[in-house]
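Participant: Test case, fold it:
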Amino acid sequence: MAGVATVAVLAGCGGLEVQSTGGSGETSKPDSASVSDARKKLARLSVKGRAPKTGFDRDKFGPAWSDVDHNGCDTRNDILKRDLVDEKFKAGTHDCIVLTGTLHDPYSGKTINFRRGQDTSTDVQIDHLIPLSDAWQKGAQQWSADKRKQFANDPLNLLAVDGPLNGQKSDSDAATWLPPRKAYRCAYIARQIEVKAKYAVWVTSAEKNAMETILADC
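Facilitator: Numbering: from 1, shown residues only. Now for the predicted structure:
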């Protein structure tokens with residue numbers, strides 16, 4: 001079983017601090033200082049229209065789930081290990097490949113029993129809080145290949161969640177999709193802003209308005 005993990009990785013001084021409980025994705029509401037910081041970061045983000053999706057390809061962000069931190073585990077298993085509890089690992093993988101575990105899904109509030117397998121692995125998926133195609137239309141087209149690979153594998157932008165909800169979200173931004181579990185929306189928006197500030201991803205006016213509305217109730 002993994003120890004208590006931090007769901008939202010701190011992105012420098014003054015970064016968002018939202019911690020998990022027992023290594024799961026069930027996070028607490030951001031404190032007032034974190035919400036204030038999110039509002040300030042949101043105010044500094046560039047506001048532009050969405051660029052065309054022309055040229056977008058998942059491969060532009062590097063191979064899926066690369067081992068960017070060179071710890072011997074791919075990014076998907078790193079996030080499963082961080083966000084699940086009561087994990088069991090494949091023998092001989094140095095506690096890398098997660099076979100089973102329990103997810104307290106932050107998006108729905110459901111408890112999901114994860115089991116690795118062809119027909120079951122997709123029950124838990126790894127969500128990019130800022131979807132790759134959305135980032136592509138808001139600045140990532142101009143990035144280097146290395147920066148895009150870093151973005152796609154940054155733990156700050158990744159969260160283990162309910163698979164069907166991740167499919168429902170697809171490449172939506174905050175203006176068109178929010179977690180159905182309202183208690184998580186403050187943390188979700190604050191963390192999206194943290195990612196956007198870290199990588200200088202812009203927002204649309206509708207997206208910014210949606211983020212401001214959520215933060216106003218935090």
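Participant: Can you list the low-confidence ranges for the chain?
Facilitator: Residues of the chain meeting the criterion pLDDT under 70: 1-27.
Participant: Figure out how far the longest strand along the chain is from the centre of its chain.
Facilitator: Using DSSP state E to define each element, the chain has its longest strand at strand 98-104. Once both centres are worked out by Cα atoms, centre = their mean, to the nearest Å, strand 98-104 turns out to sit 17 Å from its chain's centre.
Participant: so what strands line up beside whatever helix or strand comes next after that strand?
Facilitator: Moving toward the C-terminus from strand 98-104, the first helix or strand encountered (DSSP states H and E) is strand 111-115. Paired with strand 111-115 in the same sheet, following DSSP bridges, are strand 98-104 (antiparallel).
Participant: what sits up against the partner strand?
Facilitator: With contacts defined as Cβ atoms under 8 Å, 6 or more residues apart in numbering, strand 98-104 is touched by 21, 24-26, 77, 80-81, 83-90, 111-116, 124, 160-162. Using the backbone N, CA and C atoms, a C-beta is placed for each residue, glycine as well.
Participant: Which of the residues you listed fall within strands?
Facilitator: With strands taken from DSSP E, the overlap with these comprises 85-89, 111-115, 124, 160-162.
Participant: Ala216: which of these is nearest?
Facilitator: Nearest to Ala216 among the ones in strands among the contacts of strand 98-104 is Val161, at 24.8 Å by Cβ to Cβ.
Participant: How about the contacts made by the closest one?
Facilitator: Contacts for Val161 (Cβ under 8 Å, 6+ apart) come out as 25, 103, 105-107, 124-127.
Participant: Widest-spaced pair of the ones in strands among the contacts of strand 98-104?
Facilitator: Phe89 and Asp162 (22.2 Å).
Participant: So if I had to pick from the two, which one is more boxed in?
Facilitator: Asp162 (25 against 20; other Cβ atoms under 10 Å).
Participant: Touching, the more buried one and Thr111? I think so.
Facilitator: No. Counting by Cβ atoms under 8 Å, Asp162 does not reach Thr111; the two are 10.3 Å apart.
Participant: quick one: common contacting residues for the two?
Facilitator: Listed as contacting both Asp162 and Thr111 by Cβ under 8 Å, 6+ apart are 103, 105.
Participant: Quick check: the most centrally placed residue in the chain vs Asp127, distance?
Facilitator: Centroid-nearest residue in the chain, with Cα atoms, centre = their mean: Leu158, separated by 2.9 Å. Plainly put, Leu158 is 7 Å away from Asp127 if you go by Cβ to Cβ, to the nearest Å.
Participant: quick check, Ile126 in a strand?
Facilitator: Yes. Assessed with DSSP: H, G, I helix; E, B strand; the rest coil, Ile126 lies in a strand.
Participant: about what we covered before: out of the contacts of Val161, the closest to Ala183 would be?
Facilitator: Pro106 (9.0 Å).
Participant: returning to what we had before: show me what the residue nearest to the centre of the chain bridges to in the sheet.
Facilitator: His128.
Participant: Check what contacts the single longest helix found in the chain and list those residues.
Facilitator: For the chain, the longest helix by residue count, based on DSSP state H, is helix 185-199. Defining contact as Cβ under 8 Å, 6+ apart, one finds that helix 185-199 is touched by 8, 11-12, 15-16, 18, 27-30, 34-35, 38, 41-42, 44-45, 106, 129-130, 135, 139-140, 147, 151, 154, 156-157, 174, 178-179, 201-203, 211, 214-215, 217-218.
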